[in-house]
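1. build the 3D model from these lines:
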Amino acid sequence: MARRAKQPAEAPQIPPGGDRPPEAASPEALPSDDWASRTEQAVLDQALRLAPDLGWTWPMARAAGAAVGLSAAETELLLPRGPADLAALLSRRHDARALSALAGTDPAGLKIRARIRAGVEARLEAAAADEAAVRRWSGWLALPHHAPLALRLVWESADVLWRWAGDTATDENHYSKRAILGGILAAALAVRLRDGREAALAFVDARIENVMAFEAWKARQAPSTAMADLARRLGKLRYG
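-> Next comes the predicted model:
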């Protein structure tokens, strides 16, 4: 099989206030000729089954590949970074699952704190559906040498939720919003896994109150002209 090794696929760009493309939502929605994407999702399904016992490891990744009929070499061609590729696939599956759950909610009809609360709750429930595997996934991502990937994935998840909420900021707020929400998501998932759903939602509500108080304070401060100009330029590069 002559397929070029690749890095984990970049998350699809989501227009402000829009959803992720339908093909990200489930393996069944993928084009029938997209062998790589369909097989990645099939391997991920097996990884979720195997991870609670094998951990989020290379042996688990190879076993998941074998479960869908791939040799070890074929698995490494499809997922050259093994558990890292599967970690990215799982995070993006949960992002898509959260968007699907939010599809019937019009964010324009909610206050901003209610939008963020709804988004975080949907994202937590998406992860909780794979709780046993997510425990091993989150432990693996918590290792110091996996920090860059963990930060990138939580940033992506925060970006997905802010875009669903209708955020189109191109100034410094674009970055601060995602950094703050990413921190809430990561911490809330840890609470969800340790103490359950109600404790996690109480934690989220408290953190949103903290953020609202901080934003009210920040709005009263004089912004740094240089930093504001830099953020605007970065925003223009992102959005055009």
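
2. switch to C-alpha atoms for all contacts and neighbour counts from now on
-> Fine.

3. wait, what's in contact with the most centrally placed residue in the chain?
-> Central residue of the chain (Cα atoms, centre = their mean): S157, 3.2 Å from the mean position. For S157, the contacting residues are S91, R92, D95, G182, by Cα atoms under 8 Å, 6 or more residues apart in numbering.

4. the last one touches A158, doesn't it?
-> I take that to be G182. Yes: contact criterion Cα atoms under 8 Å: G182 and A158 qualify, at 5.2 Å.

5. what segments of the chain are helices?
-> 35-54, 58-67, 72-78, 83-101, 112-128, 131-141, 147-164, 172-195, 197-219, 225-239 (DSSP state H).

6. picking that back up, quick one: which two of the contacts of S157 are the most distant?
-> R92 and G182 (14.2 Å; Cα to Cα).

7. which positions within stretch 175-184 qualify as buried?
-> Going by neighbour count (16 or more other Cα atoms under 10 Å), the buried part of stretch 175-184 is Y175, K177, R178, A179, L181, G182, I184.

8. so how far is that stretch from its chain's centroid?
-> 13 Å (Cα atoms, centre = their mean, to the nearest Å).

9. what mean pLDDT does that stretch have?
-> Here stretch 175-184 scores 93 as its mean pLDDT.

10. restricting to C-alpha, output that stretch in CSV.
-> Taking Å, rounded to 0.1, in the frame of the first residue of the first chain, the C-alpha atoms of stretch 175-184 are listed here in CSV:
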residue,chain,number,x,y,z
TYR,A,175,-6.9,34.9,21.9
SER,A,176,-7.9,35.7,25.5
LYS,A,177,-11.4,34.2,25.0
ARG,A,178,-9.9,30.9,23.7
ALA,A,179,-7.2,30.7,26.3
ILE,A,180,-9.7,31.3,29.2
LEU,A,181,-12.3,28.9,27.8
GLY,A,182,-9.6,26.2,27.1
GLY,A,183,-8.6,26.4,30.7
ILE,A,184,-12.2,26.0,31.8
